[in-house]
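> Got a sequence here, can you build the structure:
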Amino acid sequence: MGNGDSRVRGIAARAGGWSARHRWAAVGIWVLFVVLAMGLGSAAGRVDVKDSDQLKGETHTAAKIIEDAGIEEPASETVLVQAKGDGLKATDTEFRQAVEAVVEAVEATGKVADVTSPYDTRTISEDGRSALVQFDITGDSDTAAERVEPVLKAVEGVQKEHESLRIEEIGGASMMKTFDEAFGDDFKKAEYSAVPVALGILLIAFGALVAALLPVLLAITAIMATMGLMGVVSHVMPMSDTANSVMLLVGLAVGVDYCLFYLRREREERAAGRDPQTALRIAAATSGRAIVVSGVTVCVAMAGMLFTGLAEFEAMGLASLMVVAVAMVGSVTVLPALLSLLGERVEKGKIPYLHPESRLRRNRGRGNRESRFWTAVLKGVLARPVVSVAVATGALLAIAAPALGMKTQQLTLDKEFGDSLPIVQTYNRLNEAFPGGSEPAEVVVKADDINAPEVKSALADFREQAISSGASRGPVEIKLHDAQNIAFVYVPLVGGSDLDKAGASLDTLRDEVRPATLGKVDGLDAPITGQVAGSKDFNDQLAGAVVPVFAFVVVFAFGLMLLSFRSLTIALTSIVLNLLSVGAAYGILVGVFQHGWGASLVGAEGVGAIITWLPLFLFVILFGLSMDYHVFVVSRIREARLRGRTTKDAIAHGVVTTAGVVTSAAVIMVAVFAIFGTLSMQSMKQMGVGLAAAVLIDATIIRGVLLPAVMALLGERNWYLPKWLHRLPDLTHDESPEAVAPTARDDEGEPVRV
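Okay, here's the model as predicted:
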């Protein structure tokens, strides 16, 4: 690389140097790795998380009993027959004829089984205006949505013949079909539009097509390789579609960011008059090192999800960790090889008015392109650091304040999708007429002999007390599987779609009714599952995981920052600033989605809660992604300080010279996350808005105001390391000072030292 006598230290510098010298080999190895990973993943296939492994507690026990018994629960469907006015009742002839027509029509499709009439099962509402025809879709429940269309058509036909009644179908298969049609394209558009959006922003940032394409290509190849690796790893730790979506988001964000950091530094050094090899060597030693530190920190943060004990979280954590690791390795290996191959051709495809060539010429010899905006901001911040810290901290604490009253819960159908879809309106009408009927609690009863007299008596007592206790208004349905000695008991919960009230009804079933009935039979298991039970078990397990995950992420991030910068002060301030950023994101989420402040702007009216999994997920993701900018900015400040600048000058130099790349990276992240904020599903909308808001706050208030103000106040204490910590490994330098552009000089004529 032009300085063969220099001894290079550090992984990033060594990797960059080797790749630049063996560029074709580095590119070939990367392509081979991506192809092999995809091939192995395709051959192995992906194993997804089973229902029995999704949760612990009673939900897990129930799923395990069903799985071990080999029982395939069919997809159940319900047809709501309801009078539109106050005239007709279920006992009237016209109403009965409509019910009989529904039964005949669905049976005629040949796609259903176990059709029951409300007159046999007593599924008639208290006011007599509504009744339920229930049946199962034949075949595998996972693919029932593909076979439900003829049944829906048959029900529509009956509706046309009975206009005085409302005849509507709802169930697992019909809901899945509706949502696939309504939101499947929604997700695809979001995922497909993320890449063009990122490319468009990079074109503006670089002003050259080749330079803009490199980060996108690296991110895409990293994602492709990780998808293959997910297939292989899934045989040890099952994956999921959710983990795949999160991996795409994180992979695109960090893959583009890491390349952006590297490319901007290499371009900056060339603009300062250094030859391409020297510029590349400096980029490897500085930005390359920052990428490694940031990547390892992000991986550690993602690993925090593995401590939740929740299979979905573990899958998301592992998938995210893998894509970050792959993107990090690609950034410090194949990227320098490509830059070495391209040389000045990286500026090919210049875009008029966007390419900064004329500005670079004017700045040649100054070493960087400074941001006028951030120069002005920094001037004010560094002139009054106490005021800046007070105002910025006060603003962030005010934004975070609503988070103190955060309410988390699983979102019911109406809150997740709103009432724009007809099937959601059907869901609301069914819950109003039959509270809890759309999502009943399911008691899975396993006995040595399900037909034993004491078991039958206990089941009858349970059915009676479930209603007399006030937990259910009935009807309580029992389905026997004699061959497996298992019974399913379906209990509509009082409270319906109000999960707080339904949760109280569930507690009554679990803590009072079950012990007094089924609990008295020796050798009988009766775990209670269902949507409400699953939500409660999920919340309980997640609550138990919060402290271990927070502690793991914070402690390891602190340790990595301490080793990377050998400064106790830098490590402590990094953690505090990141926590402020996360807190502000929580406050925005609660304000918008729980309190409804500005909810109409993002289409989130009436949600009233934050989906259960989001706070912990956001903490882990944001804590990791925030380190990208923090490590990059602080590394540049430290580099300037080692060149002989005063701490105050180093802060100004570091923040201003990184402002362009941090702004570009933040704009890309905010744009990509904001795309997901436009989706119709409230859970995805909350995730997108939370991530976008946090990144925006992090790249502006935190890195542009609070970080420099705090460092200015601390002065030389920024680099404080107690004597008893001097024995820690020294990971601060990536090269020996002589190896970093020996002929390069800074603005004051001093040698560049890193």
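> Now for residue 551, how many residues are close by?
As a burial measure, residue 551 scores 12 neighbours (other C-beta atoms under 10 Å). All C-beta atoms are positioned from the backbone trio N, CA, C, and that covers glycine.
> The helix or strand hosting it: how far from the chain's middle?
Here residue 551 sits within helix 531-565, counting by DSSP states H and E. From the chain centre to the centre of helix 531-565 is a distance of 15 Å (C-alpha atoms, centre = their mean, to the nearest Å).
> Looking at it now, give me its mean pLDDT.
In this model, helix 531-565 has a mean pLDDT of 86.
> List the buried residues in that helix.
By neighbour count on 16 or more other C-beta atoms under 10 Å, the buried set for helix 531-565 is 531-539, 541-542, 545, 549-550, 552-554, 556-557, 560-565.
> Also stretch 229-244?
By 16+ other C-beta under 10 Å, the buried positions in stretch 229-244 come out as 229, 230, 231, 233, 234, 237, 238, 239, 240, 242, 243, 244.
> got it, and stretch 219-226?
219, 220, 221, 222, 223, 224, 225, 226.
> Can you get me a residue count around residue 500?
Neighbours of residue 500 under the rule other C-beta under 10 Å: 10.
> As a check, name the ranges of all strands in the stretch 451-600 of the chain.
Counting by DSSP state E, counting those that start in this stretch, the stretch 451-600 of the chain has strands at residues 477-481, 486-491, 528-529.
> Burial-wise, tell me which of those comes out on top.
Highest mean neighbour count among the strands of the stretch 451-600 of the chain (mean count of other C-beta atoms under 10 Å): strand 528-529, with a mean of 24.
> Which elements pack onto that strand?
For strand 528-529, the packing partners by 3 or more C-beta pairs under 8 Å, 6 or more residues apart in numbering; DSSP states H and E come out as helix 57-69, strand 441-446.
> who touches it?
58, 59, 62, 63, 441, 442, 443, 444, 506, 509, 510, 514 (C-beta atoms under 8 Å, 6 or more residues apart in numbering).
> Next step: the buried residues of stretch 229-244 restricted to helices.
Members of the buried residues of stretch 229-244 lying in helices (criterion: DSSP state H): 229, 230, 231, 233, 242, 243, 244.
> Check these and tell me the two furthest apart.
Taking C-beta to C-beta as the measure, those span a maximum distance of 17.2 Å, between 229 and 242.
> give me phi/psi at residue 596?
Dihedral pair for residue 596: phi 80, psi 20, per degrees, to the nearest 10.
> Isn't it up against residue 605?
Yes - look at residue 596 against residue 605 with C-beta atoms under 8 Å: they come within range, at 6.4 Å.
> chain center to stretch 40-51, what's the gap?
On the basis of C-alpha atoms, centre = their mean, stretch 40-51 sits 20 Å off its chain's mean C-alpha point.
> can I get the CA coordinates of that stretch in CSV?
Backbone C-alpha positions of stretch 40-51 (Å, rounded to 0.1, in the frame of the first residue of the first chain) are rendered in CSV as follows:
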residue,chain,number,x,y,z
LEU,A,40,-26.2,-23.8,1.8
GLY,A,41,-29.2,-21.9,3.1
SER,A,42,-31.3,-23.0,0.1
ALA,A,43,-30.2,-26.6,0.5
ALA,A,44,-30.8,-26.7,4.2
GLY,A,45,-34.2,-24.9,4.1
ARG,A,46,-35.4,-22.7,6.9
VAL,A,47,-36.9,-24.1,10.1
ASP,A,48,-39.4,-21.6,11.6
VAL,A,49,-40.3,-21.2,15.3
LYS,A,50,-43.1,-23.7,16.3
ASP,A,51,-46.2,-22.6,18.1
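> how about that stretch: buried residues?
41, 44, 46, 47, 49, 51.
> Mind jotting down where the strands sit in this structure?
For the chain, the strands defined by DSSP state E occupy 75-83, 112-116, 130-137, 165-171, 408-409, 441-446, 477-481, 486-491, 528-529, 610-611.
> Distance to residue 180 for the ones you listed - can I get that in JSON lines?
Shown next, in JSON lines, are those (distance: least, C-beta to C-beta, whole Å):
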{"stretch": "strand 75-83", "distance to residue 180": "14"}
{"stretch": "strand 112-116", "distance to residue 180": "20"}
{"stretch": "strand 130-137", "distance to residue 180": "15"}
{"stretch": "strand 165-171", "distance to residue 180": "14"}
{"stretch": "strand 408-409", "distance to residue 180": "25"}
{"stretch": "strand 441-446", "distance to residue 180": "24"}
{"stretch": "strand 477-481", "distance to residue 180": "28"}
{"stretch": "strand 486-491", "distance to residue 180": "26"}
{"stretch": "strand 528-529", "distance to residue 180": "25"}
{"stretch": "strand 610-611", "distance to residue 180": "20"}
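> Among the ones you listed, show the one with the smallest mean pLDDT.
Among the strands of the chain, strand 408-409 carries the lowest mean pLDDT, at a mean of 82.
> packing partners for that strand?
Using 3+ C-beta pairs under 8 Å, 6+ apart: strand 408-409 touches helix 531-565, strand 610-611.
> on that earlier part again, to residue 16, which of the strands of the stretch 451-600 of the chain lies closest?
Closest among those, using C-beta to C-beta: strand 528-529, at 53.4 Å.
> what are the pairing partners of that closest one, and which direction each?
Strand 528-529 has the following strand partners under DSSP bridges: strand 441-446 (antiparallel).
> Can you give me the buried ones in the strand it pairs with?
Buried residues in strand 441-446 (16+ other C-beta under 10 Å): 441, 442, 443, 444, 445, 446.
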